[in-house]
Structures are given as C-alpha cells and as structure tokens.
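K.L.:
Sequence plus predicted model, see below.
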Amino acid sequence: MAVKTDQRGNSRVVFERGIAAQMMGIDGTWRRDCTMEDVSESGAKLTIDGSVEGLHLKEFFLLLSSTGLAYRRCELAWVNGDQIGVNFLKLGDKKKKARSTAIGA
C-alpha cells in the first residue's frame, strides 16, 4: 500500500493487490464484482470483472463489505477498458446540483 498525490492534489491510497468489492445498481437490479485499485476522499479507481455493457453506471453503489453495511454512493467519472474512475457522492449532493441547475435556468 502506498500513498500518492493525484493531479488534483488529493491524497490517494494505492493498494498493491487491490481490494475486493462489488458494484450494485441504485435500484438493486444488477451487481458486478470489482477490485478497488486506489481510493481517495473524493473517489476511487475500480477494475471491473466482466462487461460493463448495458449497466446503468451514471450512479451506483460501491459495496465494500459482504454484508453491504460499508458502501459509498458513486457516479461515473471515466472509463478506460475494464477500469473506471468514480466520484463519491455525499448526502445532499443531488439536492445541491438540482438547486444550482434551477437557479441557473
């Protein structure tokens, strides 16, 4: 495990072998095994097991425990082959976005 600083100045923890996790659709209709390659306070890089084709990746849960008690709500940031970057959503992020869109309209 190593700590690095990314392009945005965030401290990022890089795992030597990755951490086993699962992605799950917000509505619970799909799940995929994945490996968390690195993580920061604001997001993570994941390697997906299998195809991401047909999955609704705009927003989903990253499950960090087998019981589902440790999780983060995520939005897709980028895709590069079988790897994706995700931003973690905090409680209230959707309300802030909706409000700022309404104000700007």
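P.N.:
It's in.
K.L.:
where does this protein have its least confident helix or strand?
P.N.:
One helix or strand of the chain scores below all others by mean pLDDT, DSSP states H and E: helix 93-104, with a mean of 50.
K.L.:
Residue 74 touches residue 59, doesn't it?
P.N.:
Yes. Residue 74 is within contact range of residue 59, at 7.0 Å (criterion: Cβ atoms under 8 Å). For the C-beta atoms, the positions are set from N, CA and C on the backbone; glycine is no exception.
K.L.:
Need the overlap of contacts for these two.
P.N.:
Residues touching both residue 74 and residue 59 by Cβ atoms under 8 Å, 6 or more residues apart in numbering: residue 89.
K.L.:
Neighbour count: the two, which is higher?
P.N.:
residue 74 (23 against 14; other Cβ atoms under 10 Å).
K.L.:
Residue 45 pairs with what?
P.N.:
Note on residue 45: beta-bridge partners by DSSP bridges are residue 38, residue 85.
K.L.:
now for this structure, which residue lies nearest the mean position of the chain?
P.N.:
The geometric centre of the chain, computed from its C-alpha atoms, lies nearest to residue 86 (Cα atoms, centre = their mean), at 3.5 Å.
K.L.:
Tell me who's in contact with that residue.
P.N.:
Taking Cβ under 8 Å, 6+ apart as the contact definition, residue 86 lies against 43, 44, 45, 46, 62, 74, 75, 76, 77.
K.L.:
Now list the buried members of the residues you listed.
P.N.:
Using 16 or more other Cβ atoms under 10 Å as the burial test, those include 43, 44, 45, 46, 62, 74, 76 as buried.
K.L.:
Looking at the contacts of residue 86, which two lie furthest apart in space?
P.N.:
Taking Cβ to Cβ, the two most distant members of the contacts of residue 86 are 45 and 75; they sit 14.1 Å apart.
K.L.:
From residue 14, how far off is residue 79?
P.N.:
Distance, residue 79 to residue 14, using Cβ to Cβ, to the nearest Å: 20 Å.
K.L.:
and if you look at residue 84?
P.N.:
16 Å.
K.L.:
if you count what's nearby, which of the two comes out ahead?
P.N.:
Taking other Cβ under 10 Å, residue 84 and residue 14 do not tie; residue 84 has more neighbours (20 against 15).
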